[in-house]
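*Asks:* have a look; sequence and predicted model below, questions after that.
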Amino acid sequence: MEICTISTVPVVYKNYNHPLNNYSLRSTGISVLNLSATQQAIVAVFFRNSDGTLAATSNLTIQPNSASTVYPAPLGDGFAGSASIESGQPIAVVANHIYSPDNAGADLASCHGGVNR
């Protein structure tokens with residue numbers, strides 16, 4: 001995780017079915033950590049379509065040394081795009097991806113830190 005005031009999650013899904021494999025219903029949760037010990041963080045999460053246009057915005061108020069998660073994202077089913085996260089306080093961002101197999105087997109998950117801009 002990188003400490004920053006602006007971070008990017010390059011791939012965000014909301015119930016997205018990928019046409020090339022057996023895993024569908026991919027969804028992404030975005031966790032934002034306020035790293036300030038004394039100040040609350042006002043955070044804006046901007047979700048963008050694959051063409052870069054704004055799809056939705058989610059606003060968070062996070063207390064000092066606390067975290068908040070946007071899941072599910074305020075997007076329509078089938079969304080595949082990105083998110084940028086901005087705050088006036090130092091933050092760290094973690095993206096959590098859930099993959100559900102078409103054959104009703106066990107879900108898979110992965111996570112990564114946001115990219116500092």
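*Replies:* Arrived safely.

*Asks:* wait, isn't V115 in contact with T8?
*Replies:* Yes: with contact defined as Cβ atoms under 8 Å, V115 counts as touching T8 (4.6 Å). Where you see a C-beta, it was placed from the backbone N, CA and C, and this is true even at glycine.

*Asks:* so R26 makes contact with Y99?
*Replies:* Yes: if you go by Cβ under 8 Å, R26 and Y99 touch, sitting 5.4 Å apart.

*Asks:* what about the strands in this structure?
*Replies:* 4-14, 23-34, 41-49, 54-62, 67-70, 79-101, 108-113, 115-116 (DSSP state E).

*Asks:* would you turn these into TSV with mean pLDDT and mean neighbour count?
*Replies:* Shown next, in TSV, are the strands of the chain (pLDDT from 0 to 100; neighbours: other Cβ atoms under 10 Å):
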stretch	mean pLDDT	mean neighbour count
strand 4-14	87	19
strand 23-34	86	20
strand 41-49	97	18
strand 54-62	97	15
strand 67-70	96	17
strand 79-101	91	19
strand 108-113	76	12
strand 115-116	75	15
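
*Asks:* distance check, the residue nearest to the spatial centre of the chain against A37.
*Replies:* For the chain, I30 is the residue whose C-alpha lies nearest the centre (Cα atoms, centre = their mean; 2.9 Å). For I30, the distance to A37 (Cβ to Cβ, to the nearest Å) stands at 22 Å.
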